[in-house]
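> When you get a sec, could you give me coordinates for this:
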Amino acid sequence: MTILITGAAGFIGSSLARHLLARGEHVIGIDNLNDYYSVDLKKARLEQLEASDKFTFIKLDFTDFDALTAALRDKDIRRVVHLGAQAGVRYSLTNPFIYAQTNIIGHLNILEFCRHEESVDHLVYASSSSVYGGNKKQPFSVDDRVDTPVSLYAASKKTDELMSQCYSHLYRMPQTGLRFFTVYGPWGRPDMALWLFTEAILAGKPIHVFNHGDMRRDFTYIDDIIQGLVAALDNPPADDGRSYTFGSDAPHRLYNIGNNQTESLMHMIEIIEDTLGLKAEKIMEPMQPGDVKETSADISAIQADFGFQPTTAIDVGIPNFIAWYKDYHGIT
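Residues are numbered from 1 along each chain as shown. Okay, here's the model as predicted:
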């Protein structure tokens, strides 16, 4: 079947594309290759994918609806995985308009494309653990209310979920939203703490540790993320009257994808130090606006439906990332 992936040059998008190509799917990838982080890294990810004759890349900004529909007309796309977005909590504090344009208008464009493309039978899209915002109860459950976002990024992702619920209700579009928890691993993003800390320590520069190190995250390795994403993709929610969301019979469901185990920020730094054989100079900083102290995923829903079970602990995943990082940068 032909599967469309938005954000195909991104971390999760390129990893998913590699997996789907390996099992024989035809993949169309779109990405606008913006410069939020290294375009060279994005191109390097694409080079791996373009080695397959089953992969087609289209440089495209999905916030342009006319360009989107013109490029994908008559492609017989069966399933869509919408991973393209403007990421980053802190960046949303200084660049709010790009979040409204990319994450909200862009998501609406994908919904409209899928609505009118009769061949599409399932839309899977990326949400985020950030939607839990100021929630105090741990772990975060998909049944929790998520009405207290603490960043515009989080608000944009919650908006996506609401629009998807609406479209599933009105047009009976099968959709699955995935709330990702701190994804890391080889080919990861340069704006994430693991990359930033590794880069700084190797360069002999200090690292900035927020909330004085009193933070915890549900770090989720990329291979585990792909396992859960593919399981969701392969199993569209049935439009059979069941209630996936309280008060609705729309074929739209939400899942957390996390490691099901929180780790302290300081322990993460210790693993980086031990792997590199170097000690970090730490500058302790206060909590940053828009950030949260702890994230923890209740993954019981995706476990029950698909048998999802993450297997990679950070004491394995972080050294894997660092080995890749050194190889990618030619560091011996």
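> Verify the contact between P251 and N235 for me.
No. Under the criterion of C-beta atoms under 8 Å, P251 is not in contact with N235, lying 11.6 Å apart. Where C-beta positions appear, they are placed from N, C-alpha and C, glycine not excepted.
> quick one: which of these two has more around it?
Set side by side, P251 and N235 show more neighbours around P251, with 22 against 14, by other C-beta atoms under 10 Å.
> Please report phi then psi for the more buried one.
For P251, the backbone dihedrals are phi -80, psi 60 (criterion: degrees, to the nearest 10).
> ok, it - contacts?
P251 sits next to S168, R172, M173, P174, Q175, P236, P237, A238, D239, Y244 when contact means C-beta atoms under 8 Å, 6 or more residues apart in numbering.
> got the contact list for the residue nearest to the second one when sequence neighbours are not counted?
Read it as R172. Sequence neighbours aside, D239 is the residue nearest to R172 in space, at 5.1 Å (criterion: C-beta to C-beta, 6 or more residues apart in numbering). By C-beta under 8 Å, 6+ apart, the residues touching D239 are R172, P174, A250, P251.
> show me the contacts for the first one.
Okay, so that is R172. With C-beta under 8 Å, 6+ apart, R172 has these contacts: D239, A250, P251.
> That one and T275, how far apart?
Taking C-beta to C-beta, to the nearest Å as the measure, R172 falls 49 Å from T275.
> Return the backbone torsion pair for K137.
Torsion angles, degrees, to the nearest 10, at K137: phi -70, psi 130.
> sorry, back to before: out of the contacts of R172, which comes closest to V146?
Of all those, V146 sits closest to A250, with 17.5 Å by C-beta to C-beta.
> so where do the helices sit in the stretch 1-150 of the chain?
11-22, 39-49, 65-72, 91-94, 96-99, 106-116 (DSSP state H, counting those that start in this stretch).
> Please disregard the earlier target; I meant the stretch 201-332 of the chain.
Assigned by DSSP H, counting those that start in this stretch, the helices in the stretch 201-332 of the chain fall at 222-233, 265-276, 300-306, 314-329.
> okay, those, which one's buried deepest?
Using mean count of other C-beta atoms under 10 Å, the stretch among those with the largest mean neighbour count is helix 222-233, at a mean of 21.
> So which elements touch that helix?
When contacts are defined as 3 or more C-beta pairs under 8 Å, 6 or more residues apart in numbering; DSSP states H and E, helix 222-233 sits against helix 11-22, strand 79-82, strand 122-128, strand 175-180, strand 183-184, strand 252-257, helix 300-306.
> Need the CA coordinates for it. PDB is fine.
Only the C-alpha atoms of helix 222-233 are listed here, as PDB (Å, rounded to 0.1, in the frame of the first residue of the first chain):
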ATOM      1  CA  ILE A 222      13.000   5.700  19.000                       C
ATOM      2  CA  ASP A 223      12.700   1.900  18.200                       C
ATOM      3  CA  ASP A 224      10.000   1.600  20.900                       C
ATOM      4  CA  ILE A 225       8.200   4.600  19.400                       C
ATOM      5  CA  ILE A 226       8.100   3.100  16.000                       C
ATOM      6  CA  GLN A 227       6.800  -0.200  17.400                       C
ATOM      7  CA  GLY A 228       3.800   1.600  18.900                       C
ATOM      8  CA  LEU A 229       3.300   3.900  15.900                       C
ATOM      9  CA  VAL A 230       3.200   1.000  13.400                       C
ATOM     10  CA  ALA A 231       0.800  -1.000  15.600                       C
ATOM     11  CA  ALA A 232      -1.600   2.000  15.600                       C
ATOM     12  CA  LEU A 233      -1.200   2.600  11.900                       C
END
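> so what's the closest residue to I331 other than its chain neighbours up against?
Nearest in space to I331, with sequence neighbours left out and distances taken as C-beta to C-beta, 6+ apart, is L202 at 6.9 Å. Shown in contact with L202 (C-beta under 8 Å, 6+ apart): L276, L278, I331.
> Repeat the analysis, applying 10 Å as the threshold.
By C-beta atoms under 10 Å, 6 or more residues apart in numbering, the contact list for L202 reads I272, L276, L278, I322, Y325, K326, H329, I331.
> List only buried entries from the contacts of P251.
Buried members of these, scored by 16 or more other C-beta atoms under 10 Å, are S168, M173, P174, Q175, P236, P237, Y244.
> How far does the helix or strand hosting the first one sit from its chain's centre?
To tie it back to what came earlier, the one meant is S168. Assigned by DSSP states H and E, S168 belongs to helix 152-171. Its chain's C-alpha centre and that of helix 152-171 lie 16 Å apart, by C-alpha atoms, centre = their mean, to the nearest Å.
> So which elements touch that helix?
Under the contact criterion of 3 or more C-beta pairs under 10 Å, 6 or more residues apart in numbering; DSSP states H and E, helix 152-171 touches helix 91-94, helix 96-99, helix 106-116, strand 122-128, strand 175-180, strand 252-257.
> same thing but at 6 Å, please
In this structure, helix 152-171 packs against helix 96-99, helix 106-116, strand 122-128, strand 175-180, strand 252-257, with contacts taken as 3 or more C-beta pairs under 6 Å, 6 or more residues apart in numbering; DSSP states H and E.
> Just checking, which helix or strand of this structure averages the lowest pLDDT?
In the chain, no helix or strand scores lower on mean pLDDT, DSSP states H and E than helix 91-94, which sits at a mean of 89.
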